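Colleague: heads up, no residue letters with this:
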Ligand SMILES: O=C(O)[C@H](O)[C@@H](O)[C@H](O)[C@H](O)COP(=O)(O)O
């Protein structure tokens, strides 16, 4: 695990966007394609803005969310809408979005078809994850209903997830898919999340601090 502290959030966002672009470019040069998983939420927007302007072979890149709230794209809670609005624009408009949402009452109703499209691009090339102050990552929350299943060595690609801290049903990549990514980045800002990360490292138990499942070999990018 590597910890990189930036002098400002702006430096973090441009620095991490540059890392991602370099890793995608190298992967495409080596294998002919790349798969990028990104977080939703309120933090990554500026990274998406910067990445969307980078000139790389986006037509060879599959982009997916690490997790999604089970809401339609018309909802202000939709991470997919965030991605379309801020990443899949400009030069990155040529990338292929692998959705984590499809119209249905429950994630269970569309899980298999959504999983199949993702299965075809695994292992991920670059995986960027956020973290909550409760030490969750993607939609693997402490006290979630399928928390243990999310860490199983034979876990499926995707799981539905419901948790006391999540306002709606979720769908999430499982820990083995996240940890199986060639490059892994964790994006956090502010003192509260830095303290939460330090707590997670001391706890060292994914069942209590889910972020622990993806720290090994990851680069943590932080600014106050
Ligand atoms: O759907 C989501 O909300 C995210 O995928 C989630 O896992 C996020 O990365 C963390 O909750 C941090 O969220 P913020 O960036 O909003 O703090």
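Modeller: Sure thing, it's come through. Remember, it's a predicted structure, so these values are computed and weren't measured experimentally. Numbering: from 1, shown residues only.
Colleague: Could you use CA atoms for every contact and neighbour count after this?
Modeller: Fine.
Colleague: need the helices for the protein, in chain order.
Modeller: 9-31, 45-52, 79-86, 111-119, 147-150, 175-179, 191-203 (DSSP state H).
Colleague: so which of the ones you listed comes closest to residue 66?
Modeller: helix 175-179 (7.9 Å; Cα to Cα).
Colleague: Longest strand in the protein, please.
Modeller: If you go by DSSP state E, the chain has its longest strand at strand 183-189.
Colleague: Out of the helices of the chain, which is closest to the ligand?
Modeller: helix 79-86 (6.4 Å; Cα to the nearest ligand atom).
Colleague: related to what we said a few turns ago, against which helices or strands is the longest strand of the chain packed?
Modeller: strand 126-129, strand 219-223 (3 or more Cα pairs under 8 Å, 6 or more residues apart in numbering; DSSP states H and E).
Colleague: Using a markdown table, lay out the ones you listed together with mean pLDDT, mean neighbour count and distance to residue 176.
Modeller: What follows is the helices and strands packed on strand 183-189, written out as a markdown table (pLDDT from 0 to 100; neighbours: other Cα atoms under 10 Å; distance: least, Cα to Cα, whole Å):
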| stretch | mean pLDDT | mean neighbour count | distance to residue 176 |
| --- | --- | --- | --- |
| strand 126-129 | 99 | 26 | 12 |
| strand 219-223 | 98 | 20 | 17 |
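Colleague: ok so, going back, tell me which of the helices of the chain sits nearest to residue 213.
Modeller: helix 175-179 (6.4 Å).
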